[in-house]
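J.: Below is the sequence, then the predicted model.
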Amino acid sequence: MGKKGDSLLSYQKVEDNIAFIQKKGMAEFEKEQKARENLLKGMLTEFNEGRSKTLYCIAATVLEIGELETVLNEARAKAKGLDLKAKSEIMHSLLGEVADKKNYVLKMRK
């Protein structure tokens, strides 16, 4: 699997994560993962119309923390007063833009 395929979760960042731990230590890695978890909770709570959980989980794994923060903040600003479906469409669009620019894969690879 690894770089070329996924099972139940995305393995795209495994090698980067190992390098991060070797360089900065496990405590710093855990801190970063907690930040990712909090950003994911925001996406799921505010923008999941019932069909976006996998996308948001992969995005929280693959995107950099700063990118996730930017996307979430921009989505919140653009989605004020909209229904959940429209909010979800905004989040999908913003995640897609980042993925396209950075060549991220935001779907499970088989």
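T.: Received the coordinates, thanks. Everything numeric in this text was worked out from a predicted model, so none of it was measured.
J.: what comes up buried for the longest helix along the chain?
T.: Determined from DSSP state H, the single longest helix within the chain is helix 26-47. Within helix 26-47, the residues that count as buried by 16 or more other Cβ atoms under 10 Å are F29, R36, L39, L40, G42, M43, F47. C-beta: built from backbone N, CA, C; applies to glycine.
J.: ok, the residues you listed vs F20, which is closest?
T.: Taking Cβ to Cβ as the measure, F20 lies nearest F29 of the buried residues of helix 26-47, at 5.7 Å.
J.: so what's that closest one up against?
T.: Listed by Cβ atoms under 8 Å, 6 or more residues apart in numbering, the contact set of F29 reads N17, F20, I21.
J.: for this protein, what spans make up the helices?
T.: Under DSSP H, the chain gives helices at 14-24, 26-47, 53-62, 65-78, 84-102.
J.: Single out the most deeply packed of those.
T.: For the helices of the chain, the largest average neighbour count (mean count of other Cβ atoms under 10 Å) is found in helix 53-62, namely a mean of 20.
J.: Which neighbouring elements make contact with that helix?
T.: helix 26-47, helix 65-78, helix 84-102 (3 or more Cβ pairs under 8 Å, 6 or more residues apart in numbering; DSSP states H and E).
J.: quick one: the lowest-mean-pLDDT helix or strand in the chain to helix 26-47, angle?
T.: In the chain, the helix or strand scored least confidently by mean pLDDT, DSSP states H and E is helix 14-24, which has a mean of 81. Relative orientation of helix 14-24 with respect to helix 26-47: 130 degrees, computed using axes from the mean of the first three to the mean of the last three Cα atoms, to 10 degrees.
J.: tell me how far helix 14-24 is from the chain's mean position?
T.: Computed by Cα atoms, centre = their mean, to the nearest Å, the chain-centroid distance of helix 14-24 equals 18 Å.
J.: which other helices and strands contact it?
T.: helix 26-47.
J.: Now do the contacts for the closest residue to C57 other than its chain neighbours.
T.: For C57, ignoring the flanking residues on the chain, the nearest one in space by Cβ to Cβ, 6 or more residues apart in numbering is L40 at 6.5 Å. Applying Cβ under 8 Å, 6+ apart to L40 gives the contacts Y56, C57, A60.
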